[in-house]
Each structure stands twice: as C-alpha cells, then as structure tokens.
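Student: This is a predicted model, with the sequence first.
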Amino acid sequence: MKLYNKGKITISTIEESDKEKILEYFSENDFNCSYETGALRPSNRQFLQIMDDIISGKDDESNVFVLKKNGEVIGYESMFVEYDILHIGHIAVKSSERGNGYGKLLTKLAILVAENEDRDVALYCDHPNSYLEKLGFKTKDRIHYLYKRKGIKSKGLKRLFVKPEEYSKRKDEEMKKEVDRFKKFLDSDIVKAILREEEEK
C-alpha cells in the first residue's frame with residue numbers, strides 16, 4: 001500500500017521485492033545508530049521472519065514502511081502495536097541519504113497512522129534526537145519518548161493494524177491458555193511425585 005508519493009520519494013508498506021534489500025542493509029548495519037532507534041534489535045533471522053509474516057498477512061500487529069528514492073530502497077521504519085500504543089522499532093536511513101529529513105518524514109507518517117487508529121506513539125532511543133522533541137515527543141527515563149495524540153484524524157488512510165480491542169482480546173486468550181497449561185502442569189504426575197518426595201524428606 002502506497003502511503004506517500006512526492007517527487008522522487010515514495011513510502012509504501014513492505015512488499016516481497018523490498019525484503020532482500022532491507023535485510024541486506026540490516027545485516028551490514030549500513031543504517032548506523034544516528035537513525036537507529038529501538039531498545040531490542042532483532043536478529044537477522046527474526047527480522048526476516050517478521051517481514052515474511054507481515055507480507056503473508058499472518059502478522060497484523062507489525063509493519064515495515066519502505067522509503068524509496070527513484071525506486072531504490074534508501075530507508076525503512078519498523079513498528080508494532082500493543083493495545084492502544086504504536087511502538088516504533090527502528091527508523092533507518094541509508095548513510096549517503098542522511099540529513100535530508102527522511103527520518104523525520106517516516107516518524108511523521110507513523111504519527112499519522114497512529115492518529116488514524118486512535119493510538120499513542122512510543123519509541124526508545126539511547127541518544128539525543130532533537131527532531132523527536134520538535135514533533136512533540138517527551139523524554140521519559142532518559143531513553144523513552146512518548147507522543148500523545150492530539151485527537152487529529154487522518155482522512156482517507158486505511159487501517160494497517162489490528163484494533164486495540166481485538167489485540168486485547170487476543171492477549172486475554174493467550175493468557176488463559178498459559179494459565180490452563182500451567183494448571184495442567186501442576187496437576188501432572190511428575191509434579192505430584194516431586195511433592196511426595198519433598199514431603200517424605
């Protein structure tokens with residue numbers, strides 16, 4: 001889905017043809033720390049799986065926006081939702097293209113998507129970013145920036161992520177499965193045997 005198109009620059013949601021180039025940059029760390037934001041950087045294999053799941057439609061809680069100049073991939077932005085918050089994983093711009101405002105453009109686009117879906121925006125960064133402050137982010141615990149939406153709705157923008165209420169429902173179901181699994185474990189013969197041995201000591 002194309003989200004931005006102006007002059008030589010386009011930003012779209014990730015497609016199969018983008019995956020190889022993004023993984024190449026990601027593997028070589030060509031996008032250096034000045035535009036790299038994210039508390040937990042996934043491994044190459046994890047990031048590849050994330051992209052595959054997004055493209056196949058298995059994952060509607062994550063997305064990757066691809067920044068292209070004259071059709072060439074020069075940047076990307078990864079993100080995921082958690083309840084009513086849109087978390088930006090990393091924003092990266094090719095070293096030779098930095099300083100042109102592309103990182104700011106990708107961040108603004110994430111904010112528009114979040115406003116459209118009635119979410120706040122959060123990201124983690126371990127170095128100063130003045131452009132984030134200009135966009136309205138507040139620093140918390142030195143590395144945590146949080147953008148509070150102003151109630152502005154973006155017209156004509158399609159929903160990209162699962163709704164907060166659906167996300168909450170999924171997490172409740174996952175928690176119930178974990179609790180049920182733990183209850184079965186506690187009631188298993190092996191646990192009962194261990195408890196008997198402890199009582200006999």
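Tutor: Nice, I can see it.

Student: in what helix or strand does Lys68 lie?
Tutor: strand 62-69 (DSSP states H and E).

Student: who's in contact with that strand?
Tutor: 3, 8-15, 18, 22, 50-51, 53-54, 73-81, 93, 97, 102, 105-106, 109-110, 160-161 (C-beta atoms under 8 Å, 6 or more residues apart in numbering). Where you see a C-beta, it was placed from the backbone N, CA and C, and this is true even at glycine.

Student: what lines up beside that strand in the sheet?
Tutor: strand 9-13 (antiparallel), strand 72-82 (antiparallel) (DSSP bridges).

Student: Need the winner for burial among those strands.
Tutor: Most buried of the strands paired with strand 62-69, by mean neighbour count (mean count of other C-beta atoms under 10 Å): strand 72-82, with a mean of 21.

Student: Least reliable of the strands paired with strand 62-69 by average pLDDT, please.
Tutor: Lowest mean pLDDT within those: strand 72-82, at a mean of 92.

Student: Other residues contacting it?
Tutor: 14, 18, 21-22, 25, 31, 35, 38, 47, 50, 61-68, 86-94, 97, 102-103, 106-107, 109-110, 117, 119, 161-162, 164, 167.

Student: Give me the buried subset of these.
Tutor: Neighbour counting by 16 or more other C-beta atoms under 10 Å classes 14, 18, 22, 25, 31, 35, 38, 47, 50, 62-68, 86-94, 102-103, 106-107, 109-110, 117, 119, 161-162, 164, 167 among those as buried.
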